[in-house]
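**Q** Attaching a predicted model along with its sequence, questions to come.
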Amino acid sequence: MWNILQLKRVPWIVALVAAGALPSLAQQPAAQKPDDLQKQLEQLKQQYDATTHDLEQRIAALEQQIQKQQEASEKAKEGTVSVVELAAQQAAEKAVFGQSDQVGAKFQGQVPQEPEYDYLREADRKIKNLQEQVSSFEFHGYFRSGYGLNSVGGQQVAFEAPGADAKYRLGNEAETYAELIFVNNWVNPAHDSSKAWFKSEFMVEANTTNSANSANFTGGIGNDQFRFREAFVQAGNVLSSQPNAKFWAGERYYRRQHVDIDDFYPLDLSGYGAGVEDLDLKIGKLAVAFLIAARPEIITENGNSAKSNIDVRLYDLKGPGGLWAGWFDYATSKGGTAQNGTTLPNGTRVPTTGGYAFGLRHQRLEWHGGYHSFSIQYGTGAASNFSNPGNGTTIPNPTPFINSSRQLLATEQVVFQPNDRFALMSIFVYQRIKDGIPQHNWSQWVSFGARPEVFFTKYISLAFEAGFDHTGGFVPTQNGYAQLHGWVRKFTIAPQIGAGRKYFSRPILRAFLTYANWSDAFRGFVGGVPYLNRTNGLTYGVQAETWW
């Protein structure tokens, strides 16, 4: 089988053949003139030079071709060579290292046409497109999962005060929950500051009861739930005067504010709509959005009952002690007469409602290794349900008194981490709500708690959590409203294996032991069936949590 080294020997073989021809010429009859011999010698030299030049060109072309094949082979080792590229490589090897013994059969017609180069060029183009697709795709998310038992032998239950909008989380979450976010950057994936960019984002929420790995129960009780929580497109750098402005439309989580250790959202207007964010006002940034939601089970002559929100936020204002932000929302919902068998709690008329809400927020993002955040908000009428689980875009139950509803909410949260051995998060929540019903007074929720963590090594830590909730007022129950006043205390200890020495280091694995007790007024309202006639409870189990 020929190779390049053998081809490089061809000129020397030709030279030896030419040299071998000279003695034979010398043995020719003396009658042949010296001039004729000289002409034959010159012809042989010309043939030698022409043959040598031709073969050198072919050798150079083949060396370039083999270099391309080696580059393709290196790509194959890196796992990036496509099927087309491998086929081209095999074709090139066959062309260069074929089985024919004739030089012309191996190389003539192959090198000038170079069909394998066309294949490789096409493969490179496809690989480049694939790499661009891979670089434009992002996958983010959050999940927590585990299992626990209660002290009387059944499945873990959560301890939450009636009338409270949240519960303390550590060792008190009895479900698997996940949010899976898929992002594709369609234009300018690197977000080059000189070019416009476009991206789409989708989120699937999964919520299970930890009942079975493949839940398919009679009546659907305990089955897994999946919801489509986000589906929107965002574009940026489309206005030369506002290069940082971001335009969006679709369904999304909209600029939510979060308190971590009790999973509470003081401001949550997630829903469907459109808007613009990060408009530069020199003194700060501005966001404006139009957000909408509907209730398909409430139908009037106008169609499904819908609620519209105009949300305006001014943020990243530099001021005393850190960053400041202001917020304003106006909400309206048109009423009508119930249609198609719609049943309402108060007659057949859905009221037309309106309302406004506003708030103030202060943040110190660099504070003793952590951060500090304070917010206060007030809302009226259709805009009074701005916090979870109310979700400001949703429509409350249509009673004639919605326009008289009110909410006042103040929250404080602090993350403090002076070194890599200790961290602490503490929170405070104060909420007053009036549902508008004349017979109901204000309902109140006060909550404060803390989660300290001690880090023994880079990966081993111990977390504690203590939380106290006090509620009072008219609380919705299965049988209507109940006037309750009482408290719930919850304590958890959790040894942990985590990915670092930071408070928010994730992923993390933990075992937990949780104890809770509550006032006698809450007997039968806390802890579910296992603790129906008790005022304390105990659960234990394991959990994993991460986000990325």
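**A** Structure's in. What do you need?
**Q** Is N172 in a helix, a strand, or coil?
**A** Secondary structure for N172, judged by DSSP: H, G, I helix; E, B strand; the rest coil, is coil.
**Q** K39 belongs to a helix, doesn't it?
**A** Yes: per three-state DSSP, K39 lies within a helix segment.
**Q** quick one: it from T52, how far?
**A** K39 sits 20 Å away from T52, going by C-beta to C-beta, to the nearest Å. The C-beta positions use only the backbone N, C-alpha and C, and glycine is treated the same way.
**Q** The two: who's more crowded?
**A** Neighbour totals were compared for K39 and T52, and T52 leads with 15 against 11 (other C-beta atoms under 10 Å).
**Q** Phi, psi for the more buried one please.
**A** Here is the backbone geometry of T52 (degrees, to the nearest 10): phi -60, psi -40.
**Q** how long is stretch 526-537 from one end to the other?
**A** Stretch 526-537 has an end-to-end distance of 9 Å (criterion: C-alpha to C-alpha, to the nearest Å).
**Q** For it, give me every contacting residue.
**A** Stretch 526-537 is touched from outside by 150-152, 154, 157, 159-162, 488, 515-520, 522-524, with contacts defined as C-beta atoms under 8 Å, 6 or more residues apart in numbering.
**Q** I'd like the average pLDDT over stretch 183-191.
**A** Averaging pLDDT along stretch 183-191 gives 90.
**Q** Over to stretch 457-469?
**A** 98.
**Q** Surely K502 touches R421?
**A** No: K502 is beyond contact range of R421, at 11.5 Å (criterion: C-beta atoms under 8 Å).
**Q** Can you tell me how far N244 is from Q64?
**A** For N244, the distance to Q64 - C-beta to C-beta - is 48 Å.
**Q** list the contacts for the closest residue to T514 other than its chain neighbours?
**A** Excluding the flanking residues, the one nearest T514 by C-beta to C-beta, 6 or more residues apart in numbering is G171, at 3.8 Å. Contact partners of G171, counting by C-beta under 8 Å, 6+ apart, are G148, E465, T492, I493, A494, F512, L513, T514, T539, Y540, G541, Q543.
**Q** hmm, try it at 10 Å
**A** Contacts here follow C-beta atoms under 10 Å, 6 or more residues apart in numbering; on that basis G171 touches 146, 148, 156, 158-159, 463, 465, 490-494, 510-516, 539-543.
**Q** Check N210 too.
**A** Neighbour list for N210: 145-148, 155-156, 173-177, 222, 541 [criterion: C-beta under 10 Å, 6+ apart].
**Q** three-state assignment of the most centrally placed residue in the chain?
**A** Geometric centre of the chain, nearest residue: H140, 2.4 Å, by C-alpha atoms, centre = their mean. Per three-state DSSP, the local secondary structure of H140 is strand.
**Q** Now do the residue nearest to it when sequence neighbours are not counted: how many residues are near it, please.
**A** Among residues not flanking H140 along the chain, I181 sits closest, at 4.1 Å (C-beta to C-beta, 6+ apart). By other C-beta under 10 Å, the residues close to I181 number 18.
**Q** so who does I181 touch?
**A** Residues near I181 by C-beta under 10 Å, 6+ apart: 138-142, 201-204, 229-230, 253, 547-548.
**Q** just those residues now: which is nearest N237?
**A** N237 has its nearest neighbour among the contacts of I181 in E201, at 17.2 Å by C-beta to C-beta.
**Q** Test my guess that the closest one contacts A231.
**A** Yes: using C-beta atoms under 10 Å, E201 is in contact with A231, at 7.7 Å.
**Q** Between the two, point out the one with more neighbours.
**A** Neighbours per residue, other C-beta under 10 Å: of E201 and A231, the larger number sits with E201, 20 against 14.
**Q** Could you please name the strands the host helix or strand of P452 pairs with and the direction of each pair?
**A** According to DSSP states H and E, P452 maps onto strand 443-455. Strand 443-455 has the following strand partners under DSSP bridges: strand 422-434 (antiparallel), strand 460-477 (antiparallel).
**Q** List the buried residues of the last one.
**A** If I follow you right, that is strand 460-477. Buried positions in strand 460-477, judged by neighbour count with 16 or more other C-beta atoms under 10 Å: S461, A463, E465, A466, G467, D469, H470, T471, G472, G473, F474, V475.
**Q** any idea how far that strand is from the chain center?
**A** In terms of C-alpha atoms, centre = their mean, to the nearest Å, the centre of strand 460-477 is found 29 Å from the chain centre.
**Q** Would you mind identifying the next helix or strand past it?
**A** Per DSSP H and E, strand 460-477 leads on to strand 480-498 as the next helix or strand towards the C-terminus.
**Q** now that next one and strand 443-455, what's the angle there?
**A** On the basis of axes from the mean of the first three to the mean of the last three C-alpha atoms, to 10 degrees, strand 480-498 is oriented at 10 degrees to strand 443-455.
**Q** what mean pLDDT does strand 480-498 have?
**A** The pLDDT scores in strand 480-498 average 93.
**Q** packing partners for it?
**A** On a contact count with 3 or more C-beta pairs under 10 Å, 6 or more residues apart in numbering; DSSP states H and E, strand 480-498 meets strand 443-455, strand 460-477, strand 508-518, strand 536-547.
**Q** now these as JSON lines including distance to E297?
**A** As requested, the helices and strands packed on strand 480-498 are exported to JSON lines (distance: least, C-beta to C-beta, whole Å):
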{"stretch": "strand 443-455", "distance to E297": "25"}
{"stretch": "strand 460-477", "distance to E297": "17"}
{"stretch": "strand 508-518", "distance to E297": "34"}
{"stretch": "strand 536-547", "distance to E297": "34"}
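**Q** Comparing those strands by mean pLDDT, which bottoms out?
**A** For those, the weakest mean pLDDT is recorded on strand 460-477, namely a mean of 92.
**Q** Please find the angle between the direction vectors of that strand and strand 508-518.
**A** Taking the same axes, to 10 degrees, strand 460-477 and strand 508-518 form an angle of 40 degrees between their directions.
**Q** And the residue nearest to T514, how far from F143?
**A** G171 sits 17 Å away from F143, going by C-beta to C-beta.
**Q** what number of residues lie near I66?
**A** When neighbours are counted by other C-beta under 10 Å, I66 registers 16.
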